[in-house]
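S.K.: This is a predicted model, with the sequence first.
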Amino acid sequence: MTTFCSDNNSLNIPHSDDFAHQKAVVLLSGGLDSTTCLYWAKAVFKEITAISFRYGQRHSSELAFSSAIAQTLGVSHRIIDIDIAQLGGSALTDTSIDVPDYQADSDAVPVTYVPARNTIFLSYALAVAEVTEACAIIIGVSSVDFSGYPDCRDDYIRAFETMANLATVAGRAGRRLSIIAPLQHLSKAETLTLGLSLGVDYAQTVSCYRADSDGRACGECDSCVLRHQGFVQAGVPDPTRYQNKPTQG
């Protein structure tokens, strides 16, 4: 009989001794946050399946980074092909919409928001979790250092977890699935401190929305600036290969 996790809605911080004999699915983009989550999950769970998506994103070079990171850790990695780009509405999937430079103190949801992306990704992760008999899905969202996306907040993660346990055979049988966001209440600097303690090589990661085919970051978009600020605030060197070094921070 497969053992699944018990319910633990409070588990949003990167520490748990409950999962040493369990399996988990990790959403891996190849960026700073998701890579930190992968290293954390590798240290906590018995077996990991990392999943990435080729969804029509303009920064598809992230997939090569995801594959290399998974290979470094020796975890199973799947790249799933879907087509969010056909829906439009985001600068990350529609090349007719420019990715803007970083704008400090803006309350507007940026055009880099991809409508329903996390819901779609988590739904695929839920299917992988059922197939692999995993007890948890790990996602690298944060409600501290983020760009204002509505699907990065704690209430959304908790709501998806409730839905997941109503929608699955395991959940209906009482073998609950946990959606864990280890970075939910961490700043970028705190995330970096955690990752470095786990041995993450951040030179292997790319977070840029305008990364070129070689994975070099633009240094000007929201993701680049927030990433660089994290390194500055953590007091550690930033190993990112930038086309233009961020000046903010």
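M.R.: Received it, and whenever you're ready, just let me know what you need. Residues are numbered from 1 along each chain as shown.

S.K.: contact partners of stretch 102-115?
M.R.: With contact meaning CB atoms under 8 Å, 6 or more residues apart in numbering, stretch 102-115 is reached by 55, 84, 87, 89-93, 97, 99-100, 147-150, 209, 220-226, 246, 248. (C-beta placed from N, C-alpha, C; glycine too.)

S.K.: Burial check on the nearest residue to Y55 once chain neighbours are set aside, number of neighbours?
M.R.: Distances taken as CB to CB, 6 or more residues apart in numbering place I84 nearest to Y55, at 4.3 Å, with adjacent residues excluded. As a burial measure, I84 scores 20 neighbours (other CB atoms under 10 Å).

S.K.: Restricted to helices, list the contacts of stretch 102-115.
M.R.: 222-226 (DSSP state H).

S.K.: tell me the mean pLDDT for stretch 172-190?
M.R.: Averaging pLDDT along stretch 172-190 gives 94.

S.K.: likewise stretch 222-229?
M.R.: 93.

S.K.: CA atoms of it as PDB?
M.R.: Extracted in PDB, the C-alpha atoms of stretch 222-229 (Å, rounded to 0.1, in the frame of the first residue of the first chain):
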ATOM      1  CA  ASP A 222      11.300  42.700 -13.300                       C
ATOM      2  CA  SER A 223      12.700  39.200 -12.900                       C
ATOM      3  CA  CYS A 224      16.300  40.200 -13.400                       C
ATOM      4  CA  VAL A 225      16.200  43.200 -11.100                       C
ATOM      5  CA  LEU A 226      14.400  41.400  -8.300                       C
ATOM      6  CA  ARG A 227      16.900  38.600  -8.600                       C
ATOM      7  CA  HIS A 228      19.900  40.900  -8.500                       C
ATOM      8  CA  GLN A 229      18.500  42.800  -5.600                       C
END
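
S.K.: what comes up buried for it?
M.R.: By 16 or more other CB atoms under 10 Å, the buried positions in stretch 222-229 come out as 222-229.

S.K.: Good, we can wrap up now.
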